[in-house]
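A.B. asks: Structure, please.
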Amino acid sequence: MKVFNLALAILHPIRVFLVVMICALIFLTSAFPALAITSYQSDPTEGTTQLLETQRKTDEVSRSGPPKLREVQEKSNKGFNEVQGDADIDKMKSPENSQSSTSVRDEVEDFLGKVTGNK
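C.D. replies: Sure, this is the predicted structure:
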């Protein structure tokens, strides 16, 4: 019985330390998402024009009968799909505009190299 009491006496400070660390971790992880508020704040009317045009085309299609295959193909060839067309095509990521980007693996290797001093 003395061994059991001794083990509990030794583990008590470790248990208290773990509880404090877990509470601190929970507090910090719940507080840091609030830091995203300092990032870019978009203007509420920024995307309205594009959305209104997309909505107009959607309403137009829904009022008319089913489109013919040829019409759908012609409209789809102008962009990503029939309704969206080429809206924001310059903001989309593609192999053509992503040549200079680094992969997640490369970024992690660079970071680990800096941390360990190998780079």
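A.B. asks: tell me the contacts of residue 29?
C.D. replies: By Cβ atoms under 8 Å, 6 or more residues apart in numbering, the contact list for residue 29 is empty. C-beta coordinates here come from the backbone N, C-alpha and C atoms, glycine included.
A.B. asks: how far away is it from residue 62?
C.D. replies: Distance check for residue 29 against residue 62: by Cβ to Cβ, to the nearest Å, it reads 45 Å.
A.B. asks: Spell out, range by range, the helices that occur in this protein.
C.D. replies: Counting by DSSP state H, the chain has helices at residues 2-31, 48-63, 69-76, 104-116.
A.B. asks: Out of those, which is closest to residue 92?
C.D. replies: Each of the helices of the chain has some distance to residue 92 by Cβ to Cβ; the shortest is helix 48-63, at 13.6 Å.
A.B. asks: List the buried residues of the closest one.
C.D. replies: residue 61 (16 or more other Cβ atoms under 10 Å).
A.B. asks: and that helix, how far out from the chain's middle?
C.D. replies: For helix 48-63, the separation from the chain centroid amounts to 27 Å (computed by Cα atoms, centre = their mean, to the nearest Å).
A.B. asks: likewise stretch 7-19?
C.D. replies: Distance of stretch 7-19 from its chain centroid, counting by Cα atoms, centre = their mean, is 39 Å.
A.B. asks: now do stretch 96-114
C.D. replies: Centre to centre, stretch against its chain (Cα atoms, centre = their mean), the figure for stretch 96-114 is 17 Å.
A.B. asks: Quick one: mean pLDDT over that stretch.
C.D. replies: For stretch 96-114, mean pLDDT is 81.
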